[in-house]
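>>> Please work out how this folds:
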Amino acid sequence: MKPDLCRLGQCIAAWGFRPGLWLGLCLCLFCCSVLPARALELVDSRGVTLRLERPAQRIIALYGAFNEILLALDARETLVARTAADAAIPGLQDLPAVGTHMRPNAELVAARQPDVVLQLAGRQEVLTQTEALEAVGIPVLVYEMQSFEQLFAVTSALGRLTGRETCAEALVADWQRRLAVLEQRYAGQPPVRVFYEVRYPNLLAAGRASIVDEIIRHAGGRNVLDAPQKLVRCNEEMLVALDPEAYILQQGPMNPAPQAPAERPHYRGLSAVRSGRVLLVDEHLFARPGPRSVEAAERLARWLHGEEQGSGE
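Residues are numbered from 1 along each chain as shown. All right, here's what the predicted structure looks like:
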């Protein structure tokens, strides 16, 4: 079913009006309907090929960002279950839970009779659980998503999976355009040196192999950590030597109640703390690739360049 004008109004209210967004919304309005049934073939990040006789009608996504992409594609009716953690995603509260991202319950998953299960590539435990689902005949697509390019690729894949290719193309085109606008806007300015706190105490920070690093770069900043890992263990001596101009700390499952840096004895001498350039952000918005990652870059850019005050949540 094509989205109606009420749903279009909800999208505008949720996303906020932006010049240039109307084209993407109109394309979604006319093109997000499920295309006629046809066979399709998808290859996931493992190189595993899944063949379906028609676009998937029953999907279980074991990672929140996949659910968010499917909602952005207007494919809510294809979702038949969720993980316990995804009850907070608007529109998914009434779906039955089938365990967690790391430990889905195979019996509960099988009972929902999904055409396909979506899982995030990562830890060995996830791979083990994926193999357990496949062993009982449940098709699984596993995707890696740690960058904007991977976000775009997964969105395109889920567009194909649900028969909403044109809508997926419109979403990706809008995200790419907005990122290009940011790059052009701040291209002539020296990048702001940024430190991103993932967890404290036992300080953990974002390295180069994370969506956070890309968000910082698109926002006109530069991650002070050159380490190639996604997550980097740091000590206070290292942080003092780096002396970032801006300090970002996330709040969420990995950092539930972070202490303000100004209240930490060894942090008070940091340039970022002395100048008050400290920003508290939502972990889910900044550290989890998804439809809101571009919004995170836009918000951070306005804060880094003094165009906006706020918590970043």
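
>>> Show the contacting residues for residue 153.
Contacts here follow Cβ atoms under 8 Å, 6 or more residues apart in numbering; on that basis residue 153 touches residue 143. Using the backbone N, CA and C atoms, a C-beta is placed for each residue, glycine as well.

>>> tell me the secondary structure for it?
Assigned with DSSP: H, G, I helix; E, B strand; the rest coil, residue 153 falls in the helix class.

>>> Likewise for residue 237?
On the three-state scheme (three-state DSSP), residue 237 is labelled helix.

>>> Would you mind measuring from residue 269 to residue 279?
19 Å (Cβ to Cβ, to the nearest Å).

>>> Counting neighbours, go ahead and name the busier of the two.
Between residue 269 and residue 279, residue 279 has the larger neighbour count (other Cβ atoms under 10 Å), namely 22 against 10.

>>> and the more buried one, how far is that from residue 42?
Counting by Cβ to Cβ - residue 279 and residue 42 are separated by 38 Å.

>>> same check, this time on residue 168
The separation that residue 168 has from residue 42, given Cβ to Cβ, amounts to 13 Å.

>>> shared neighbours of these two, anything?
With Cβ under 8 Å, 6+ apart, residue 168 and residue 42 have common neighbours residue 160.

>>> Could you check which of these two is surrounded by more residues?
Legend: neighbour count by other Cβ under 10 Å for residue 168 and residue 42, higher for residue 168 (26 against 18).

>>> For that one, which residues are in contact?
By Cβ under 8 Å, 6+ apart, the contact set of residue 168 is 73, 155, 156, 158, 159, 160.

>>> ok, and the third one, which helix or strand is that part of?
Here residue 156 sits within helix 148-162, counting by DSSP states H and E.

>>> max-length helix in the protein?
Counting by DSSP state H, the longest helix found in the chain is helix 165-186.

>>> Buried among the contacts of residue 168? Need that as a selection in PyMOL.
Paste this into PyMOL to select the buried members of the contacts of residue 168, with burial taken from 16 or more other Cβ atoms under 10 Å:
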select buried, resi 73+155+158+159+160
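
>>> nearest to residue 83, of the contacts of residue 168?
residue 158 (16.9 Å; Cβ to Cβ).

>>> which regions of this structure lie under the pLDDT threshold?
Within the chain, the stretches with pLDDT under 70 are 1-37, 310-313.

>>> Please state the offset of whichever strand in the chain runs longest from the chain centre?
When the chain is parsed with DSSP state E, its longest strand is strand 192-199. For strand 192-199, the separation from the chain centroid amounts to 18 Å (computed by Cα atoms, centre = their mean, to the nearest Å).

>>> buried set for that strand?
192, 193, 194, 195, 196, 197, 198, 199.

>>> The helix or strand following it pairs with which strands, parallel or anti?
Sequence order places strand 204-206 as the next helix or strand after strand 192-199, per DSSP H and E. Strand 204-206 pairs in its sheet with strand 192-199 (antiparallel), strand 231-233 (antiparallel), by DSSP bridges.

>>> Would you mind listing the outside residues contacting strand 204-206?
For strand 204-206, using Cβ under 8 Å, 6+ apart, the contacting residues are 195-198, 212-213, 223, 225, 230-234, 254, 287.

>>> rerun that using 7 Å as the cut-off
195, 196, 197, 198, 212, 213, 223, 225, 231, 232, 233, 234 (Cβ atoms under 7 Å, 6 or more residues apart in numbering).

>>> In this model residue 194 seems to touch the fifth one, though I could be wrong.
No - with the criterion set as Cβ atoms under 7 Å, residue 212 and residue 194 do not qualify as a contacting pair; they are 9.3 Å apart.

>>> returning to that earlier point: kindly export the helix holding residue 156 (C-alpha atoms) in CSV.
The C-alpha coordinates for helix 148-162 follow below in CSV (Å, rounded to 0.1, in the frame of the first residue of the first chain):
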residue,chain,number,x,y,z
PHE,A,148,28.1,5.7,5.9
GLU,A,149,28.9,3.7,2.8
GLN,A,150,27.8,0.5,4.5
LEU,A,151,24.6,2.3,5.7
PHE,A,152,23.9,3.2,2.1
ALA,A,153,24.6,-0.3,0.9
VAL,A,154,22.4,-1.9,3.5
THR,A,155,19.6,0.5,2.8
SER,A,156,19.7,-0.4,-0.9
ALA,A,157,19.7,-4.1,0.0
LEU,A,158,16.7,-3.8,2.3
GLY,A,159,15.0,-1.8,-0.4
ARG,A,160,15.5,-4.7,-2.7
LEU,A,161,14.5,-7.2,0.0
THR,A,162,11.1,-5.5,0.5
